[in-house]
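K.L.:
return atomic coordinates for the entry below.
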Amino acid sequence: MKPSILLAALGTTGLAAAAVPTYNKDIAPILYQNCAGCHRPGEVAPFSLLTYQDTAKRAALIAGVTKSRVMPPWKAEPGYGDFRDVRRLTDEQIALIQQWASNGTPEGDAPAPTPPKFTDGWQLGQPDRTVTIPAKFSVPAGGPDVYRCFVIPLSLDKDMYLGALEFRADSRRTVHHALVFADTLGQGRKLAANSSDGGYTCFGSPGILAPLIGGWAPGMTPRKPAPGFAVNLPKSTDLVLQIHYHPSGAPAEDQSQLGLFFSDAPTRGRALVLLGTQKIDIPAGESHYVAKASQTLPADAALLGITPHAHYICKDMKINGYLPDGSVKPLIWIKDWDFNWQGAYTYTSPVMLPKGTRIEMEYTYDNSEKNVRNPSHPPGRVTYGEQTTDEMALAFLTFAFATPEEATSFQRATFAAAARDFLK
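P.N.:
Purely as a prediction, here's the structure:
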């Protein structure tokens with residue numbers, strides 16, 4: 001080999017070696033920003049990723065789940081809605097993890113990075129009031145996931161206004177996610193009557209007609225009170241807390257809490273639109289069943305966030321806004337829906353939608369044996385319903401308005417139209 005060629009080859013090798021990513025310089029910042037919220041002591045994830053030693057011994061696993069985008073859990077496709085708190089890794093970050101894992105997981109000569117600091121206790125400060133699940137709930141060591149709704153009477157002596165709400169999981173290893181509903185009609189009390197824990201089984205929806213006022217999932221950061229916005233809590237309000245428990249391999253007990261932050265009466269308004277259909281009848285073996293629904297907005301509105309929902313055999317979710325001028329506004333697209341990783345997605349900036357915009361959803365289901373998430377073997381006919389083997393096609397959309405009166409008017413118009421369409 002000629003000397004010049006040899007030198008060039010050696011130079012290339014040196015550059016390649018120098019380019020190998022290290023934990024201290026390249027990998028730790030990625031994990032601290034996107035994974036440490038759950039992967040730290042006392043949190044829901046099964047192991048910590050705060051040190052080199054903890055990370056290096058799981059390098060192959062981390063490389064695999066990040067390459068397949070199983071982790072971190074972020075289901076919304078980029079380019080279909082601009083959302084806050086995105087946990088999706090970039091292609092460059094995934095490539096760095098792959099290179100690091102395949103090159104011996106070097107720690108690097110740079111100083112060891114300082115792990116992020118997390119606030120202990122209530123993230124939004126001391127609540128005005130804390131409420132707790134009425135009794136400890138026992139979560140089995142194994143078996144199927146458990147969905148339980150707990151009724152928490154507020155016993156208010158007057159109407160109040162809720163500015164913010166924070167959920168605090170007790171058994172972090174088993175609490176998968178939580179939703180909070182404001183029940184002013186005592187529906188939950190009837191369902192929980194005579195139960196020892198003040199609760200009832202509630203797979204999917206809570207089984208009551210009540211507005212969703214808050215929620216929590218691993219990695220979610222509670223929102224500070226937004227000036228002008230508040231939720232009306234009449235004196236008769238009970239909170240219905242729906243918790244999804246995932247058995248962790250050891251028996252556990254949970255008595256999670258809610259922190260309530262009260263505020264003045266709202267000067268601005270929010271409205272919740274339920275988009276969905278009960279027209280679901282999926283034959284056994286059908287691998288591409290499509291359910292659709294649409295809703296036309298009766299007034300100009302600013303879309304704050306969106307929460308899609310279905311059960312186990314849904315595979316693809318797409319929701320778009322079709323504006324009166326003929327343009328299309330993509331609102332969200334989830335190409336690989338996973339019931340175990342449901343999320344409430346908040347837009348970075350409100351999405352302005354003019355009066356006459358038609359919001360259209362299209363959900364696709366796979367009821368074949370090839371769907372690894374299908375709970376039925378062999379597959380059977382699937383229709384709309386609350387049970388594990390049933391299905392749903394829903395989306396919750398939250399809109400903002402300049403005044404509470406505008407929100408109320410909008411809510412009434414859309415609720416009436418949605419109820420008519422939903423029950424057709």
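
K.L.:
quick one: low-confidence parts of the protein?
P.N.:
1-18, 219, 418-424 (pLDDT under 70).

K.L.:
quick one, helices of it?
P.N.:
Taking DSSP state H as the criterion, the chain carries its helices at 3-18, 28-34, 52-56, 59-67, 91-102, 187-192, 404-422.

K.L.:
adding mean neighbour count, write those helices out as a markdown table.
P.N.:
Backbone N, C-alpha and C define where each C-beta goes, glycine included. Shown next, in a markdown table, are these (neighbours: other CB atoms under 10 Å):
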| stretch | mean neighbour count |
| --- | --- |
| helix 3-18 | 10 |
| helix 28-34 | 20 |
| helix 52-56 | 17 |
| helix 59-67 | 17 |
| helix 91-102 | 16 |
| helix 187-192 | 19 |
| helix 404-422 | 16 |
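
K.L.:
for those helices, give me TSV that also has distance to residue 45.
P.N.:
Below are the helices of the chain laid out as TSV (distance: least, CB to CB, whole Å):
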stretch	distance to residue 45
helix 3-18	33
helix 28-34	11
helix 52-56	11
helix 59-67	12
helix 91-102	17
helix 187-192	31
helix 404-422	37
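
K.L.:
tell me which of those sits nearest to residue 114.
P.N.:
Closest approach to residue 114 among those (CB to CB): helix 28-34, 8.9 Å.

K.L.:
so how far is residue 94 from residue 68?
P.N.:
10 Å (CB to CB, to the nearest Å).

K.L.:
same deal with residue 372?
P.N.:
With CB to CB as the criterion, residue 372 and residue 94 are 23 Å apart.

K.L.:
do the same with residue 193
P.N.:
51 Å.

K.L.:
can you check residue 177 too?
P.N.:
25 Å.

K.L.:
tell me if I'm right that residue 207 and residue 191 touch.
P.N.:
Yes - applying CB atoms under 8 Å as the test, residue 207 and residue 191 come out as touching, 6.2 Å apart.

K.L.:
hang on, isn't residue 129 packed against residue 257?
P.N.:
No - the criterion here is CB under 8 Å, and residue 129 misses it with residue 257 at 10.6 Å.

K.L.:
these two - which one has more neighbours?
P.N.:
More neighbours surround residue 257 than the other of residue 129 and residue 257, with 17 against 13 (other CB atoms under 10 Å).

K.L.:
excluding its backbone neighbours, what's nearest that one?
P.N.:
The shortest distance from residue 257 to any non-neighbouring residue, by CB to CB, 6 or more residues apart in numbering, is to residue 168 (4.6 Å).

K.L.:
which residue is the nearest non-sequential neighbour of residue 233?
P.N.:
Counting by CB to CB, 6+ apart, the residue nearest residue 233 is residue 160, at 4.6 Å.

K.L.:
again, but for residue 346
P.N.:
Nearest residue to residue 346, sequence neighbours excluded (CB to CB, 6+ apart): residue 305, at 4.2 Å.

K.L.:
around that neighbour, count how many other residues there are.
P.N.:
20.

K.L.:
once you drop chain neighbours, what's closest to residue 228?
P.N.:
Setting aside the residues directly before and after it, residue 228 is nearest to residue 268 in space (CB to CB, 6+ apart), at 3.8 Å.

K.L.:
now residue 85
P.N.:
Residue 85 sits nearest to residue 221 (CB to CB, 6+ apart), 6.2 Å away.

K.L.:
so that neighbour sits against residue 119, correct?
P.N.:
No - using CB under 8 Å, residue 221 is not in contact with residue 119, being 10.1 Å away.

K.L.:
who's more crowded, the two?
P.N.:
Taking neighbours as other CB under 10 Å, residue 221 and residue 119 compare with residue 221 leading, 12 against 8.

K.L.:
quick check: that one vs residue 212, distance?
P.N.:
Residue 221 is 18 Å from residue 212, by CB to CB.

K.L.:
check residue 297 too.
P.N.:
Applying CB to CB to residue 297 and residue 212 gives a distance of 19 Å.

K.L.:
so which of the two has more stuff around it?
P.N.:
Under the criterion of other CB under 10 Å, the comparison of residue 297 against residue 212 puts residue 297 first, with 24 against 19.

K.L.:
who are the contact partners of the more buried one?
P.N.:
353-359, 414 (CB atoms under 8 Å, 6 or more residues apart in numbering).

K.L.:
of all those residues, which two lie farthest apart?
P.N.:
Longest span within the contacts of residue 297, CB to CB: 354 and 414, 14.8 Å.

K.L.:
so who does residue 342 touch?
P.N.:
177, 217, 307-309.

K.L.:
and the gap between it and residue 395?
P.N.:
Distance from residue 342 to residue 395, by CB to CB: 12 Å.

K.L.:
what's the overlap in contacts for those two?
P.N.:
Common contacts of residue 342 and residue 395 (CB under 8 Å, 6+ apart): 307-309.

K.L.:
by neighbours, which of these wins?
P.N.:
residue 308 leads those on contacts (other CB under 10 Å) with 28 neighbours.

K.L.:
wouldn't residue 146 be in contact with residue 245 here?
P.N.:
Yes - using CB under 8 Å, residue 146 is in contact with residue 245, at 4.2 Å.

K.L.:
have a look at these two and say which one is more surrounded.
P.N.:
Between residue 146 and residue 245, counted using other CB under 10 Å, residue 245 has the larger neighbour count: 23 against 19.

K.L.:
and the residue nearest to the spatial centre of the chain, what does it touch?
P.N.:
Central residue of the chain (CA atoms, centre = their mean): residue 343, 1.5 Å from the mean position. By CB under 8 Å, 6+ apart, residue 343 lies in contact with 73-76, 217, 307.

K.L.:
6 Å instead?
P.N.:
When contacts are counted by CB atoms under 6 Å, 6 or more residues apart in numbering, residue 343 touches residue 217.

K.L.:
I'm done for today, thanks for sticking with me.
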